[in-house]
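A.B. asks: Fold the following for me, if possible:
(chains A and B)
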Amino acid sequence: MDQTIYLIYIVSFVLGSIVGLLFSYKKYKLPFVSEKFDLVAIILSIIGWFLFLNSPLISFIPSYISITIGLFLVALVVGMRPGYGRYETLTGFIISLIIWIIRTVLL
Amino acid sequence: MNLMANILLNVIIAFLVGSLLFGYQRKIMARIQTRPGPPIIQHLLHTLKFYIKESTFPKTAAMPFYVAIASMLCAIWVSAVIVGPVIEGSLLLIFAIYALHKIVEHNAGSSSGSPYGKLSCVRAVFSAAAEVPLFAVLVIIYLKTGTMVIGEIINYQTINGPLIYAIPLAAAMFFVLILSKAPYSPFAITKGKDIISGYETEHFGVLRGYLMISESIAWYMLLWVFLTVFIGGLSPIGYLIGMVAISTVVAFINATTPILNPNHSIMMQVTFAFIGIVGSIILILI
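C.D. replies: Residues are numbered from 1 along each chain as shown, chains lettered A, B, ... in the order given. As a prediction, this is how the structure comes out:
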């Protein structure tokens, strides 16, 4: 059962990456040149990393479902067209990491 | 879990994780070389792409050997998954599978009839002369633990601690072997860009897909064996972290080191093997 769940996580990550790649090629017509933040990508990244790292905080959904959704959203931003999504991923990760540290270490 | 379902599950995980690790490696290498690099999923998409491409066969190919050998490469690494994560069998079988891999590399190159494939085929024999001694690490593991069975080696480590502390030179030898199988590695002489794509040069469509699937599973399996034999039985997250860490180190080495001349590559690997075997035996005796 353990391995089946991990397979689901991996498949979720792969699907997220594919969707992210297709979505970003439609959205951005040019190679990565300007260093502007994409608001939608930031929101998706924060939600994704939050669900992935802090799934115990959302008690009304089983943790494997929230992690699966989280990984899909994380991959959606990580898997964007080369160059895009880097700062957004970093922002999402740092915010979720701070919440994780507060949850597990400080409280 | 049903054995067949367990095998299928492990093979799919090996393929997907191996492909993602290859993609991750390319990304790291690109960043070191100040390029954006392809998406992490690129290697996986590349593999799947070959299944919807037309399969053509060169006139010079030795049929049906040419087709059979590519399928065989896939089959032997699926067997490695069965021997490894599924039944935790003998390391000797993994060694046999690796030796078969070298033979298949050799035959894949020669069966296509391409001059580049033939050069790669000769290099596969060269590299086997160096990589098989590197796999002699198994003897050292046997001398230390008294067993070749992966399950028993895991139990040994649970009691006595990870083998990487007890026989570090053997672990270094195995790491060099892993490095040899990485794309763009200084030891990857069978697929050096001077011979186009080496033994894969004349493999198109489905056959290339088989070769790429095998490479991904092989990468996962080599990392799995390293982590299991030298660190111990880990949780899936532990394996993932370990595999990502080793892939990162390998990517750094590959990005900063040019491919070696075949003679230098072999001599260097043999030197590593010699130092590893002799040093480990001295360490065990002391």
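
A.B. asks: so what's residue 41 closest to, chain neighbours aside?
C.D. replies: Because you didn't say which chain, this covers chain A. Closest residue in space to residue A:41, ignoring its immediate chain neighbours: residue A:88 at 4.1 Å, by C-beta to C-beta, 6 or more residues apart in numbering or on different chains. No exception for glycine: its C-beta is placed from N, CA and C like everyone else's.

A.B. asks: actually it's chain B I care about, not the one you picked
C.D. replies: For residue B:41, ignoring the flanking residues on the chain, the nearest one in space by C-beta to C-beta, 6+ apart is residue A:17 at 4.0 Å.

A.B. asks: Check whether the one you found really touches residue B:42, as I assumed.
C.D. replies: No. Residue A:17 is beyond contact range of residue B:42, at 9.4 Å (criterion: C-beta atoms under 8 Å).

A.B. asks: Neighbour count for those two, which is higher?
C.D. replies: Legend: neighbour count by other C-beta atoms under 10 Å in any protein chain shown for residue A:17 and residue B:42, higher for residue A:17 (27 against 21).

A.B. asks: element containing the more buried one, please.
C.D. replies: helix A:2-27 (DSSP states H and E).

A.B. asks: in that helix, what's buried?
C.D. replies: Neighbour counts using 16 or more other C-beta atoms under 10 Å in any protein chain shown place A:3, A:6-7, A:9-21, A:23-24 of helix A:2-27 among the buried residues.

A.B. asks: Stretch B:279-286 now?
C.D. replies: Within stretch B:279-286, the residues scored as buried using 16+ other C-beta under 10 Å are B:279, B:280, B:281.

A.B. asks: ok now the helix or strand harbouring the first one, how far from the chain's centre?
C.D. replies: In this structure, residue B:279 sits in helix B:262-285 according to DSSP H and E. If you compare the mean C-alpha spot of helix B:262-285 with that of the full chain, they lie 19 Å apart, counting by C-alpha atoms, centre = their mean, to the nearest Å.

A.B. asks: Can you spell out which helices and strands pack onto it?
C.D. replies: helix B:115-134, helix B:137-145, helix B:168-181 (3 or more C-beta pairs under 8 Å, 6 or more residues apart in numbering or on different chains; DSSP states H and E).

A.B. asks: Please export the C-alpha coordinates of that helix as CSV.
C.D. replies: In CSV, the C-alpha atoms belonging to helix B:262-285 read as follows (Å, rounded to 0.1, in the frame of the first residue of the first chain):
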residue,chain,number,x,y,z
PRO,B,262,38.9,5.7,-23.8
ASN,B,263,42.4,4.5,-22.7
HIS,B,264,42.5,7.1,-19.9
SER,B,265,39.0,6.3,-18.8
ILE,B,266,39.8,2.6,-18.5
MET,B,267,43.1,3.2,-16.7
MET,B,268,41.5,5.5,-14.3
GLN,B,269,38.7,3.1,-13.5
VAL,B,270,41.1,0.2,-13.1
THR,B,271,43.2,2.3,-10.8
PHE,B,272,40.1,3.1,-8.7
ALA,B,273,39.3,-0.6,-8.7
PHE,B,274,42.8,-1.6,-7.6
ILE,B,275,43.0,1.0,-4.8
GLY,B,276,39.5,0.1,-3.7
ILE,B,277,40.0,-3.7,-3.5
VAL,B,278,43.5,-3.6,-2.0
GLY,B,279,42.7,-0.8,0.4
SER,B,280,39.4,-2.4,1.5
ILE,B,281,41.1,-5.8,2.2
ILE,B,282,43.8,-4.0,4.2
LEU,B,283,41.1,-2.1,6.2
ILE,B,284,39.3,-5.4,6.9
LEU,B,285,42.5,-7.2,8.0
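
A.B. asks: Quick one: residues contacting the residue nearest to the spatial centre of chain A.
C.D. replies: Geometric centre of chain A, nearest residue: residue A:74, 1.5 Å, by C-alpha atoms, centre = their mean. Taking C-beta atoms under 8 Å, 6 or more residues apart in numbering or on different chains, we find residue A:74 in contact with A:13, A:16, A:45, A:48, A:49, A:52, A:89, A:92.
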